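**Student:** would you be able to build a 3D model of this:
(one chain, ligands or ions: 2)
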Amino acid sequence: MDIHIIDKTFVPFISAAKINERVSELAATINRDYAGKKPLVIGILNGSFIFAADLFRLLTIEAEISFIKLASYKGTSSTGNVVTAIGMEENLKDRHVIIVEDIIDTGKTLHAFMPEIMNRQPASVKIATFLSKPDALKYDVKADYCAFEIENKFVLGYGMDYDGLGRNIPELYVLKEN
Ligand SMILES: O=P(O)(O)OC[C@H]1O[C@H](OP(=O)(O)OP(=O)(O)O)[C@H](O)[C@@H]1O
Ligand code: HPA
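**Tutor:** Ligands and ions are numbered 1, 2, ... in the order given. Predicted coordinates:
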C-alpha cells in the first residue's frame, strides 16, 4: 500500500522479511570478524537507531554500543563544514570501532566525521551501513558491511525520514515517480 507524507507518495520497496534476512547475515559476519575483539558499535543519530538496535541485538559476541549525534553542518554556509560530535564520551583508543549508519548517500557525513574518529586512535574502524547509493556518492567513503546497495532514489522507513516523519515504518519505501 502506498504511503502519503505531506506532499509525497512512497511505494513499498524492501519488505521487513528481506530486511531481517540481510541484517541477520551482516550480524553473522560481524560475529565472525569480531570474536574476542569486544567491538564498540557507534550509531550515528538519528537515522541509524533502528538498524543499530536490530543489528546489535543479533550480535552474540561481547560488544558495546554508544550513539552520537553530529551537529548539523548541512544547510550552513558552504565553509561551515565543522562536525561536532555530541555524545562521544567513550575512550576509543585501541578499541575496535564499528560505525553504524542507516544510509551512505553522498558520503558527506561520514567523510567529515571519520577524521574525528581516527584522531582518537582506535585499533581499527569499520563502517556498517544499512543502505548505500553508489550512484550518489561524492566523497571517498566505503562501507565494510552494507545490507543493500540501492539506486539513487529517496527512501523512507526503517529509521529514515521525510521531513521528520516515517522513521517508524518497519519496511523500506521509495519515493514514487510521477
Ligand atoms: O551520505 P550523506 O549524503 O551525508 O547522507 C547520509 C546521512 O544523511 C542522513 O542523516 P541526516 O543528516 O538527514 O540526519 P538524520 O539521521 O537525523 O535523519 C543519514 O542518517 C546519514 O547520516
Ligand atoms: O534517501 C534518503 N532518505 C531519507 N534520508 C536520507 N538521508 C540521506 N539520504 C536519504
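**Student:** measure how far the helix or strand bottoming out on mean pLDDT in the chain is from the centre of its chain, please.
**Tutor:** Taking mean pLDDT, DSSP states H and E as the measure, the chain has strand 85-86 as its least confident helix or strand, at a mean of 80. For strand 85-86, the separation from the chain centroid amounts to 16 Å (computed by C-alpha atoms, centre = their mean, to the nearest Å).
**Student:** now do that strand: everything it contacts.
**Tutor:** Taking contacts as C-beta atoms under 8 Å, 6 or more residues apart in numbering, the residues outside strand 85-86 that touch it are I68, K69, L70, A71, F113, E116. Backbone N, C-alpha and C define where each C-beta goes, glycine included.
**Student:** which of those residues lies closest to F56?
**Tutor:** Nearest to F56, judged by C-beta to C-beta, of those is I68 at 14.9 Å.
**Student:** number of residues surrounding that closest one?
**Tutor:** By the criterion of other C-beta atoms under 10 Å, I68 has 20 neighbours.
**Student:** assign it to helix, strand or coil.
**Tutor:** Using DSSP: H, G, I helix; E, B strand; the rest coil, the structure places I68 in strand.
**Student:** give the bridge partners for it, please.
**Tutor:** Taking DSSP bridges, one finds I44 as the beta-bridge partners of I68.
**Student:** swap in V125?
**Tutor:** In beta-bridge terms (that is, DSSP bridges), V125 pairs with V97.
**Student:** count the neighbours of it for me.
**Tutor:** V125 - counted by other C-beta under 10 Å - has 18 other residues nearby.
**Student:** can you tell if the least confident helix or strand of the chain touches ligand 1?
**Tutor:** No. Using C-beta under 6 Å from any ligand atom as the criterion, no contacts between strand 85-86 and ligand 1 are found, and the smallest distance is 12.1 Å.
**Student:** what pairs with that strand, parallel or antiparallel?
**Tutor:** Using DSSP bridges, the strands paired with strand 85-86 are strand 64-70 (antiparallel).
**Student:** hmm, back to that, nearest to ligand 2 among the contacts of strand 85-86?
**Tutor:** In terms of C-beta to the nearest ligand atom, no member of those lies closer to ligand 2 than L70, at 12.5 Å.
**Student:** surely that closest one touches V83?
**Tutor:** Yes. In this structure L70 lies within contact range of V83 using C-beta atoms under 8 Å: 5.5 Å.
**Student:** close to ligand 2: what parts of the chain are there?
**Tutor:** Of all the residues in the chain, those lying near ligand 2 are I103, D105, F154, V155, M160, D161, going by C-beta under 6 Å from any ligand atom.
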